[in-house]
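Peer 1: Sequence and predicted structure below; questions after.
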Amino acid sequence: MTTSAVPRNAKLQRKSLGRRITDNWQLYVLLLVPVILTIIYKYGPMYGIQIAFRNYNPGLGITGSPWAGWKWFERFFRAPTFDRMLWNTVKLSVYGLLWSFPVPIILSLILNQLRFKKLKRTVQTVIYAPHFISTMVICGMLRIFLSPSGGLINLIAGTQIDFLTESSAFRTIYIASGIWQEAGWGTIIYLATLSSIDPALYEAATVDGASVFQRILHIDIPCLLPMIILQLIMSVSGIMNVGFEKAFLLQTDLNRATSDIISIYVYEQGIVSGKYELGTAVGLFNTAINIVLLVVVNRIAKKYGEVNFV
Amino acid sequence: MTVFARKKQGQLGGLSDRTSDIILVIFSLIILLIIAYPLYYVLVASFSDPYDVYAGKTFLLPSQATLDGYKAVFAEPNIVRGYGNSILYTVVGTIFSVAMIYLVAYPLSVKELPGKKIVSIFFIITMYFGGGLIPTYLIVQKTGIMQTIWAMFLPGGVAVSNAIIARNYFENSIPGSLKEAASIDGASHFRIFFSMIIPLSLPILSVMVIFSMVAYWNDWFTALIYMTNEQAPLPLVLRNILIKSSASASQASMISGGYAELNKMTEMIKFASIIVAAAPMLIAYPFVQKYFEKGLMAGAVKG
């Protein structure tokens, strides 16, 4: 098999570039529509970023509008709520990462050691469920559960607290519900990694008298480590992409002190108030931080040779 | 050999293994409870009298079991229209999305394609860098698809991470020798694509379909900025009911019992509409669950 494939590949190599292009014209045809769409709707907006530096006038178009320098950025930095938004965004995502990152790992370590296959499969099916529910529905449920009059949480605790008006509760609500929704889904990748462990390893360990805890510590965790690092890198690089949807839907006038984040500002200024330049500038600021993080993290990633993610 | 070793493990494991088994089972049941109970509670509440729900009488079973909530949900024209819109966007969007994923994934899985690397980079850049909300909004405006169904999926372009998953699957799980044999027999790329790649990749196809379906079914923000109220999909309609807690005019005119009755209706609709909105995806995903691992791993092994 392999021996016959080698000369064939060699022959392909010898074909001229032009020949290889004409031979594969059908593949370029397949790529045509996705490429055109990507140019229009992905690269088009990248070109449009320049309105962050202009006084946009729809009549004059993007390139026809006069330059405005750093005006819109300055306006953003001078906004009375700038500090608040920046720190809320950073805190929400850093705390969110710290709390939610370990949960799927712990869950999958438990599930992997579970010897009752039927129970394991049932738990898996159930913990995936919240991932398939719309943020809108999740926030609707949260509003019901957290309601001061007869909400589930208040019923259980015997209190009448209006959680969504308390700024001090916002981050906890946001992060805890995020764990509830996504931790189960996050186990898939770890469980798949764990399932590649050679059963003979467990057998040998058991024969040597290793307890379940020791097996987790000495077999499972070392096996998961590269995947854990990979996942951590990917999460860190998206740190400014903290979910707009949930913050937007859980925001009330009274919890703004902690729920005001940059992406909500972009929506309110850009879409609701129609200040396109300001919205674009703020969005660019956000993206710029992400890019810096991505580059830094990519550098770190390269040190782990086998973990190759871009 | 393994059977023997397993048996031996059972015997040798003794008490400590049994204890840890019990601990693991208890942990699993707690996890199960934490995830499932909130959903169960809403389900029970949707069949109950809302005043009993808020009085804490429905922790386990419905109280004064009734279907009124569901009747009210399906009598509400906004919700019914939203449901129809959601189905339309989900079906059309999924077909579009999966087609785009396959159109990108197959060519990029062909080793000898000139320019493959450039095209890959061209797509991957869009995963990490974008114009952002406002410039995208302006392009949607400019291309004249505002307030048309196209606005629901064209701006999303190609789901690049899914395309990478599919490409890796084509590379790793469809034997290269099969493709080679086909092309030596004179099959064109179109032919290979339609009569070999698609039928041989059904597991990954089903994963892509469910991922796309979920994304469109649950999306509301796209519709919030690009569509009119009449075109709102279900989750956006629910925003008024669940988040803003406002009763619609049609509800108010429907009900003769005054404000208290209206209030009760509003609360009932909340629970039933949550179930109605979440149910389709919750029913669908277990069917393809066994392919999730394969799908996600294919994407993680080699970005």
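Peer 2: Great, that's in hand.
Peer 1: From now on I want contacts and neighbour counts done on CA atoms only, so please keep to that.
Peer 2: Will do.
Peer 1: Run a quick neighbour tally on A:Ile36.
Peer 2: Other residues lying near A:Ile36 total 13 when counted by other CA atoms under 10 Å in any protein chain shown.
Peer 1: What strand or helix carries it?
Peer 2: Element membership for A:Ile36 (DSSP states H and E) is helix A:25-38.
Peer 1: Just give the nearest non-adjacent residue to A:Val282, would you?
Peer 2: With sequence-adjacent residues excluded and distances taken as CA to CA, 6 or more residues apart in numbering or on different chains, A:Val282 is closest to A:Val266, at 6.3 Å.
Peer 1: these two touch, right, that neighbour and A:Phe285?
Peer 2: No - proximity of A:Val266 to A:Phe285 does not meet the contact threshold set by CA atoms under 8 Å, at 10.6 Å.
Peer 1: Residue ranges in chain B under the pLDDT threshold?
Peer 2: Scanning chain B for pLDDT under 70 picks out the ranges B:1-15, B:245-260, B:298-303.
Peer 1: quick one: the strands in it?
Peer 2: Taking DSSP state E as the test, none of chain B falls into strands.
Peer 1: most centrally placed residue in it?
Peer 2: For chain B, the residue nearest the mean C-alpha position is B:Val214 (1.7 Å; CA atoms, centre = their mean).
Peer 1: pretty sure it is touching A:Phe132, no?
Peer 2: Yes - in terms of CA under 8 Å, B:Val214 counts as a neighbour of A:Phe132; the distance is 6.3 Å.
Peer 1: joint contacts of these two?
Peer 2: Between them, B:Val214 and A:Phe132 share these contacting residues under CA atoms under 8 Å, 6 or more residues apart in numbering or on different chains: B:Met281.
Peer 1: can you give me the offset of stretch B:41-56 from its chain's centre?
Peer 2: Stretch B:41-56 sits 27 Å away from the centroid of its parent chain (CA atoms, centre = their mean, to the nearest Å).
Peer 1: The residue in the stretch 101-250 of chain B that chain A sits nearest to and B:Val288, how far apart?
Peer 2: With distances taken as CA to the nearest CA, the stretch 101-250 of chain B approaches chain A most closely at B:Gly131, which sits 4.0 Å away. Between B:Gly131 and B:Val288 the computed distance is 34 Å (CA to CA, to the nearest Å).
Peer 1: what does A:Lys71 give?
Peer 2: The span separating A:Lys71 from B:Val288 equals 51 Å under the rule CA to CA.
Peer 1: Compare the two and say which is more crowded by neighbours.
Peer 2: The neighbour count for A:Lys71 versus B:Val288, taken as other CA under 10 Å, is higher for A:Lys71 (17 against 14).
Peer 1: Thought A:Ile51 was touching the more buried one, still the case?
Peer 2: No - under the criterion of CA under 8 Å, A:Lys71 lies out of contact with A:Ile51, with a separation of 11.2 Å.
Peer 1: Contact partners for the residue of the stretch 101-250 of chain B closest to chain A?
Peer 2: A:42-49, A:284.
Peer 1: Looking at those residues, state which has the most neighbours.
Peer 2: With neighbours taken as other CA under 10 Å, the top of those is A:Lys42, carrying 27 neighbours.
Peer 1: Could I get the pLDDT score of that one?
Peer 2: The predicted structure scores A:Lys42 at 95 on the pLDDT scale.
Peer 1: wait, is it part of a helix?
Peer 2: Yes - counting by DSSP: H, G, I helix; E, B strand; the rest coil, A:Lys42 is located in a helix.
Peer 1: Now for the nearest residue to B:Gly84 once chain neighbours are set aside, how many residues are close by?
Peer 2: Sequence neighbours aside, B:Pro233 is the residue nearest to B:Gly84 in space, at 7.7 Å (criterion: CA to CA, 6+ apart). Close neighbours of B:Pro233, defined as other CA under 10 Å, add up to 32.
Peer 1: circling back to that earlier point, and chain B, which of the contacts of B:Gly131 reach it?
Peer 2: For chain B, the contacts drawn from these by CA under 8 Å from any CA of the partner chain are A:42-49, A:284.
Peer 1: Chain B versus A:Asn57, what's the distance?
Peer 2: Remark: distance between A:Asn57 and chain B (CA to the nearest CA, to the nearest Å) = 12 Å.
Peer 1: pLDDT on the helix holding A:Ile36, on average?
Peer 2: Helix A:25-38 carries an average pLDDT of 95.
Peer 1: And for stretch A:121-141?
Peer 2: For stretch A:121-141, the per-residue pLDDT values average out at 94.
Peer 1: near chain B, anything from that stretch?
Peer 2: Yes - judged by CA under 8 Å from any CA, stretch A:121-141 comes into contact with chain B through A:123, A:125-127, A:129-130, A:132-137, A:139-141.
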